[in-house]
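Student: pasting the sequence and the predicted model now:
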Amino acid sequence: MALAATIEAVRVSCGTHALTVWLPGYFCNEALCFIRGMSVTMRFYPVLPDLTPDWDKLGGLVNNTSGAQAFVLVHYFGFPNATSKAVAFCERHTMTLIEDAAHLLRACAQTQAGAATIYSPRKLLPIPWGGVVITSKNLAAHMSDACSDGTWIRTVPWAARRLTQRALTGLNIPWHALRNVRNASGLCDGGNQALDFSRWGADSYVLRLMTLNERNLDEVAQLRRLNYSRLSGWLDEPNMIRPVFGSLPDGVCPYAFAVTVITGAGGVCEELQAAGVPASRWPDLPPEVLACPDEHAVAIDVYNRLLLLPIHQGLDAGHIDYVGRKIQSIMGGASGRVL
């Protein structure tokens with residue numbers, strides 16, 4: 001909803017009824033449900049294996065598009081994307097830059113250069129709901145206010161689930177193996193959704209949680225970085241599994257440990273989940289991308305091979321070593337795997 005509200009504000013600020021929004025081919029389709037109900041045209045641009053935009057191909061596509069345009073740059077898995085190039089590209093083509101920073105814990109030197117930046121605290125912190133949009137003053141004047149409609153009703157079961165998970169993790173009981181866990185937001189139930197601010201908004205409890213968590217951001221970043229570095233030491237099979245990002249730059253707080261499984265991520269993910277490791281894959285790709293396999297070959301290939309390993313601040317060294325041993329055990333017998 002934060003992304004949709006930002007796009008709507010861009011459309012209004014441009015004074016147009018026809019806005020073209022450029023999104024990366026490797027974009028989560030679930031996050032588009034509100035945008036699909038808006039009066040905008042979505043276009044998907046090709047990406048490179050490191051998930052940066054394919055600028056050469058993108059330039060030709062944009063040049064052949066008329067009218068007002070917005071460009072969405074995604075900072076994947078906590079790592080800043082090619083922000084400076086995106087700024088230059090948007091200035092050259094008179095486009096509005098929107099940064100999707102849902103995987104970032106907070107801003108860094110390489111972010112918040114566009115007209116708006118969108119954060120999703122619940123992806124990295126124990127917060128049930130709520131998004132954050134940082135905008136320029138010009139765009140802020142066109143943003144609608146979100147209202148709460150009693151989200152505490154959904155917050156109560158979230159809190160109970162969190163307490164249960166924490167207790168089981170402390171007892172070294174693999175709660176992920178007890179049932180099929182899927183990190184669904186519950187905001188979209190399929191199809192296009194009307195952008196109705198009376199339905200969704202952060203309640204006072206969520207805002208209080210954000211305030212409390214803000215005090216511990218340095219500790220959260222340090223623990224995630226330590227877990228990332230420790231797990232990296234277990235990934236010694238470069239011919240079988242490779243980190244998407246070659247290093248962990250200073251100031252980066254990783255959302256997860258993103259790796260490419262050369263033989264395909266599906267079977268490996270299932271085996272890890274069966275062993276109690278909350279590994280995950282990308283939820284889905286937009287149907288427009290899947291319908292153009294030649295144009296979006298890289299995004300589709302990344303989708304098939306990408307695996308997300310847990311490194312969140314709730315895990316200690318023993319948990320990380322358990323994940324590492326399971327990875328080594330599974331990949332040791334993976335030579336016969338196929339996509």
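Tutor: Now that the structure is in, tell me what you want to look at.

Student: what's the spacing between the spatially most central residue of the chain and S120?
Tutor: For the chain, the residue nearest the mean C-alpha position is H103 (4.7 Å; Cα atoms, centre = their mean). Remark: distance between H103 and S120 (Cβ to Cβ, to the nearest Å) = 8 Å. For every residue, glycine as well, the C-beta is placed using N, CA and C.

Student: how close does the residue nearest to the centre of the chain sit to F71?
Tutor: For H103, the distance to F71 - Cβ to Cβ - is 18 Å.

Student: then L125?
Tutor: L125 is 28 Å from F71, by Cβ to Cβ.

Student: how about P24?
Tutor: To F71, P24 is 10 Å away according to Cβ to Cβ.

Student: in this structure, which spans are strands?
Tutor: 19-24, 40-45, 68-74, 96-100, 116-119, 132-135, 241-243, 257-261, 306-309 (DSSP state E).

Student: between those, which gets nearest to L209?
Tutor: strand 132-135 (12.7 Å; Cβ to Cβ).

Student: just the helices in the stretch 201-339 of the chain please.
Tutor: Assigned by DSSP state H, counting those that start in this stretch, the helices in the stretch 201-339 of the chain fall at 204-214, 217-232, 266-274, 287-290, 297-305, 317-332.

Student: now those in TSV, with mean neighbour count, distance to T83 and mean pLDDT?
Tutor: As requested, these are exported to TSV (neighbours: other Cβ atoms under 10 Å; distance: least, Cβ to Cβ, whole Å; pLDDT from 0 to 100):
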stretch	mean neighbour count	distance to T83	mean pLDDT
helix 204-214	14	23	85
helix 217-232	18	19	96
helix 266-274	18	30	94
helix 287-290	16	23	97
helix 297-305	19	20	97
helix 317-332	17	30	92
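
Student: of those helices, which is nearest T16?
Tutor: Comparing the helices of the stretch 201-339 of the chain by Cβ to Cβ, helix 287-290 comes nearest, at 21.9 Å.

Student: what does that closest one rub up against?
Tutor: 25-27, 29, 42, 44, 296, 299-300 (Cβ atoms under 8 Å, 6 or more residues apart in numbering).

Student: let me know the closest of the residues you listed to H142.
Tutor: The shortest approach to H142 among the contacts of helix 287-290 belongs to M42, at 19.9 Å (Cβ to Cβ).

Student: tell me the bridge partners for the nearest residue to the closest one once chain neighbours are set aside.
Tutor: Among residues not flanking M42 along the chain, V21 sits closest, at 5.4 Å (Cβ to Cβ, 6 or more residues apart in numbering). Beta-bridge partners for V21, by DSSP bridges, are M42, A70.

Student: what about V21, how many residues nearby?
Tutor: 25 (other Cβ atoms under 10 Å).

Student: and it, what is it in contact with?
Tutor: Contacts for V21 (Cβ under 8 Å, 6+ apart) come out as 7, 35, 40-43, 69-70, 72.

Student: among these, the buried ones, what's the ChimeraX command?
Tutor: Listed next is the ChimeraX selection for buried residues among the contacts of V21, using 16 or more other Cβ atoms under 10 Å:
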select :7,35,40,42,43,69,70,72
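
Student: circling back: between L125 and F71, tell me which one has more neighbours.
Tutor: More crowded of L125 and F71, by other Cβ under 10 Å: F71, with 25 against 18.

Student: that older thread, the helices of the stretch 201-339 of the chain: which one's closest to S280?
Tutor: helix 266-274 (6.9 Å).

Student: helices and strands around the closest one, which ones?
Tutor: Using 3 or more Cβ pairs under 8 Å, 6 or more residues apart in numbering; DSSP states H and E as the contact criterion, the elements in contact with helix 266-274 are strand 306-309, helix 317-332.

Student: show me which helix or strand of the chain is least confident by mean pLDDT.
Tutor: helix 152-170 (a mean of 70; mean pLDDT, DSSP states H and E).

Student: what about the chain, any weak spots by pLDDT?
Tutor: By pLDDT under 70, the low-scoring segments of the chain are 146-155, 158, 169, 171-202, 237-238, 333-339.

Student: how about 50 then?
Tutor: Across the chain, the ranges flagged by pLDDT under 50 are 180-186, 335-339.

Student: need the contact list for the closest residue to L285 other than its chain neighbours.
Tutor: Distances taken as Cβ to Cβ, 6+ apart place Y303 nearest to L285, at 5.5 Å, with adjacent residues excluded. For Y303, the contact set (Cβ under 8 Å, 6+ apart) comprises 26, 281-282, 285.

Student: could you rerun that using 10 Å?
Tutor: By Cβ atoms under 10 Å, 6 or more residues apart in numbering, Y303 lies in contact with 25-26, 265, 281-285, 289-290, 296.

Student: same check on D294?
Tutor: 46, 300.

Student: got it, and P243?
Tutor: By Cβ under 10 Å, 6+ apart, the neighbours of P243 are 228, 231-232, 235, 257-260, 309.
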